[in-house]
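J.: Sharing a sequence plus its predicted fold:
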Amino acid sequence: MSDLQTRPAPVVCGGRDDVAGGPVRELLKPRAVPLGESTVVRRLLPTLGRRMVGAWCFVDHYGPDDIEGEPGMQVPPHPHIGLQTVSWLHAGEVLHRDSVGSVQTVRPKELGLMTAGRAIAHSEQSPREHGRMLHGAQLWVALPEERRNVAPAFEHHADLPAVTGPGFRGTVILGELDGAASPGAAYTPIVGADLELADGADVRLPVEPDFEYAALTMSGITEVDGVRLEPGSMLYLGCGRRELPLRADAGGAGLVLLGGEPFEERLVMWWNFVGRTGEEIAQARADWTAGERFGRVEGYEGAPLAAPDLPSVPLKARGRTR
């Protein structure tokens with residue numbers, strides 16, 4: 001998924017300056033961002049108050065939207081460097097095409113994982129014949145220095161490992177949770193998990209004390225470590241926990257848990273690029289504009305996205321800021 005803002009602001013992130021060493025309960029406020037013709041997303045990372053959670057550096061939550069008779073998600077070809085994208089659906093379908101030749105429809109509770117590495121382009125669309133509802137999350141993972149120039153690739157995993165317990169079932173999207181490991185390629189200590197809580201569930205989920213975590217409520221009303229969260233709300237939890245209390249109101253609830261070791265490297269994020277210097281970001285933009293390096297997305301009917309103008313302020317990695 002792309003950042004479709006016409007004047008995207010640079011974001012500096014990474015480092016441990018704003019990583020909470022102990023447990024916290026910090027509610028992150030979303031921003032509404034248009035995505036294509038008929039979809040508006042709630043952007044939860046990066047925000048003014050929080051740049052990253054582990055290696056997770058971008059979180060959009062969208063839907064549930066009724067797209068019957070509408071085009072739904074329509075994101076033209078656009079470029080990425082230095083990151084992975086994770087497509088995660090609760091309802092609907094997304095057709096992924098990319099410049100390494102992948103063509104894949106991703107459906108609910110299936111992992112669509114694209115590793116941009118040194119350079120890739122892709123598009124995302126609701127298929128022409130699509131279901132009535134669209135609901136999901138789009139997530140980015142920053143790649144560490146030693147792997148950020150790997151060859152671009154796409155993975156699709158329809159069967160993911162599960163963790164279960166009284167009152168809940170979890171699907172491991174990326175990384176590992178409670179001994180269950182996702183088949184998706186991960187380059188840092190990380191976890192992403194989709195959790196379904198039964199009606200009135202009261203769960204204590206085992207977590208890693210060295211990881212920082214955040215929880216995004218997808219559906220229903222959840223209570224995460226005593227904080228009630230409505231759909232589309234995300235709670236930053238800091239580090240230092242060995243278990244995470246979760247509760248659901250009547251009717252059950254669903255949430256996505258994100259976590260990982262704090263990302264120590266300092267990054268520059270702008271538009272759809274994750275780099276280390278402003279010069280690297282500017283070169284990626286120039287290459288995309290010139291039709292170089294990123295390849296071509298075959299089969300998409302329409303023009304690729306044009307890169308926005310670079311900001312007038314220098315792009316510098318200064319570490320995480322609050």
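T.: That came through fine.

J.: ok, residue 223 touching residue 244?
T.: No: using C-beta atoms under 8 Å, residue 223 makes no contact with residue 244, being 11.1 Å away. In this view, the C-beta of every residue, glycine as well, is placed from N, C-alpha and C.

J.: which neighbours do the two share?
T.: With contacts taken as C-beta atoms under 8 Å, 6 or more residues apart in numbering, residue 223 and residue 244 have no neighbour in common.

J.: how near is the residue nearest the centre of the chain to residue 216?
T.: In the chain, the centroid-proximal residue (C-alpha atoms, centre = their mean) is residue 139; its distance is 0.7 Å. As judged by C-beta to C-beta, to the nearest Å, residue 139 and residue 216 stand 9 Å apart.

J.: Which neighbours do these two have in common?
T.: In contact with both residue 139 and residue 216: 59, 258, using C-beta under 8 Å, 6+ apart.

J.: quick one: the strands in the stretch 201-322 of the chain?
T.: Remark: strands assigned in the stretch 201-322 of the chain by DSSP state E, counting those that start in this stretch are 202-206, 212-219, 222-224, 227-229, 234-238, 243-248, 253-260, 266-270, 273-275.

J.: Tell me where this structure has helices.
T.: 278-289 (DSSP state H).

J.: Give me the residue ranges of it where confidence is low.
T.: Within the chain, the segments meeting pLDDT under 70 span 1-18, 35-38, 313-322.

J.: let's see it at 50
T.: 318-322 (pLDDT under 50).

J.: Would you tell me which of the strands of the stretch 201-322 of the chain gets closest to residue 71?
T.: Proximity to residue 71 (C-beta to C-beta) singles out strand 212-219 among the strands of the stretch 201-322 of the chain, at 23.1 Å.

J.: Hey, what's the angle from the closest one to strand 202-206? Just curious.
T.: Strand 212-219 runs at 140 degrees relative to strand 202-206, counting by axes from the mean of the first three to the mean of the last three C-alpha atoms, to 10 degrees.
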